[in-house]
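Visitor: Here is the input, now give the coordinates:
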Amino acid sequence: MITESENIHRLQYEEKEVLLVGTAHVSRESVDLVARVIEEEKPDTVCIELCASRYQAITQENQWQNTNILKVIKEKKAFLLLANLMLASFQKRIGKKFGVKPGEEMIQAIHSAEAIGAHVHLADRDVRTTLSRTWRLMRFRSKIKVLAELMTSFGALDDIKEEDIENMKNRDVLETLLTEVGDALPEIRSILIDERDQYLAQKIRSAPGRKIVAVVGAGHVPGIQKYWEAPIDMDELEQIPPKGKLFNVLKWGLPLMILGLMASGFYSAGTASGTDMIKWWVLANAILAGLGATIALGHPVTILSAAFAAPITSLNPMIAAGWVSGLVEAFLRKPRVVDFQELPEDISSLKGFWRNKITRILLVVVLTNMGSAVGTFVAIPMMLKFIS
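Guide: All right, here's what the predicted structure looks like:
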């Protein structure tokens, strides 16, 4: 019988015996531990810290070929998909450096479960729900910081040593990259860690069978133990909160305020001042949105579309400049089958993100929107100077 240790914990729930195995998500030691525990314990069910979408990502190599990039843009999910790809890239490159496939301990758990005829039970919350709940609570400045954290992670791998991989057991990749933001915003830490601990605890204890092995990141083990006997509302944890009242006020109030500023400029300061206000509004939005599309290496027509759309879309809450430029980029540089096939490899390098047509389209959407948003806040103080 497997004895308890730093990474193995035995729990009881009603008539169920649960063996909780804490792992690092990129660790050969963890892969071997998972195989040994399942082989020796022969559980009825093996729970794994994966949701359905992440399960497909590691078990179906060609899943990206089914991605509808136009649908992603229209459903306003470009940033979520881009962030997800960047997280996958970070994990993939660590695995390549140390000779371990990302998520291999989960793959091992699946194979070991199948070998003994055990049921495989997906225990984690959908990563899109976690990212969406996190995104709703973040300020614009924090969103830029997150993107910067993800981008700078590309250059951080040279300093990672093999012993650091075991230290990553304390948090998964999502938590690692968002640590600084989480420290500044406790609500986000709650979503990334506490909520997932609760979710995992409930899914594991409700799994079928009397004997269960649960394979999770070691950073979640203390939280799962903490919430093991607590009542947990799964509906609440799976709900994406509505946008706050402040968002709705700003969504419509900011464009109205800007239009009011322009009208005030013409009325109180004369035609010249009003015209100058419009000029600053157009220039700030157009230049910075175009700059965002340029940084994403968009097609010249895409850059022009971003610059043309931004001054207009910034006054229209129903559409964003990035959606326009993203759709133009997708039309001009249609992704090919080979782009989907090469996506898993391309996301392993910073250059690959810009080379692959799929990720470049996502970058165009995200960076154009960010440029347009910055342009709005640059333009407002410049316009106020013309009101005496």
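Visitor: In the protein, where's the longest helix?
Guide: The longest helix of the chain (DSSP state H) is helix 357-384.
Visitor: list the buried ones in it?
Guide: Across helix 357-384, burial judged by 16 or more other C-beta atoms under 10 Å covers 357-376, 378-380, 383. From N, CA and C alone the C-beta is placed, and that goes for glycine too.
Visitor: List the buried residues of stretch 310-330.
Guide: 310-311, 313-315, 320-330.
Visitor: what's the most distant pair in those residues?
Guide: Pairwise distances across the buried residues of stretch 310-330 peak at 24.4 Å for L315 and A330 (criterion: C-beta to C-beta).
Visitor: Do a quick rundown of the strands in the protein.
Guide: Remark: strands assigned in the chain by DSSP state E are 8-13, 16-23, 45-48, 119-122, 211-217.
Visitor: Now tabulate those in CSV and tack on distance to R336.
Guide: As requested, the strands of the chain are exported to CSV (distance: least, C-beta to C-beta, whole Å):
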stretch, distance to R336
strand 8-13, 47
strand 16-23, 37
strand 45-48, 34
strand 119-122, 32
strand 211-217, 36
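Visitor: for these, which one sits closest to K71?
Guide: strand 119-122 (24.1 Å).
Visitor: Now tell me what touches the closest one from outside.
Guide: 44-48, 50-52, 55, 109-110, 113-114, 203-204, 207-209, 212 (C-beta atoms under 8 Å, 6 or more residues apart in numbering).
Visitor: before we move on, what about stretch 292-311?
Guide: For stretch 292-311, the external contacting residues (C-beta under 8 Å, 6+ apart) are 281-282, 285-290, 321-322, 324-325, 328-329, 332-333, 354, 360, 363-364, 366-372, 375.
Visitor: which ones are touching K357?
Guide: Counted by C-beta under 8 Å, 6+ apart, K357 has contacts R333, K334, P335, R336, D339.
Visitor: From V282, how far out is the residue lying farthest from the centre of the chain?
Guide: Ranked by distance from the centre of the chain (C-alpha atoms, centre = their mean), the top residue is G270, with 47.7 Å. From G270 across to V282, the span is 19 Å (C-beta to C-beta, to the nearest Å).
Visitor: Ok, A309 next?
Guide: Distance from A309 to V282, by C-beta to C-beta: 11 Å.
Visitor: same check, this time on T294
Guide: Counting by C-beta to C-beta, the gap from T294 to V282 is 18 Å.
Visitor: got it, and K203?
Guide: The gap separating K203 from V282 is 52 Å, by C-beta to C-beta.
Visitor: again, but for E15
Guide: 69 Å.
Visitor: quick one: which of those two has more around it?
Guide: Using other C-beta atoms under 10 Å, the more surrounded residue of E15 and V282 is V282, with 18 against 6.
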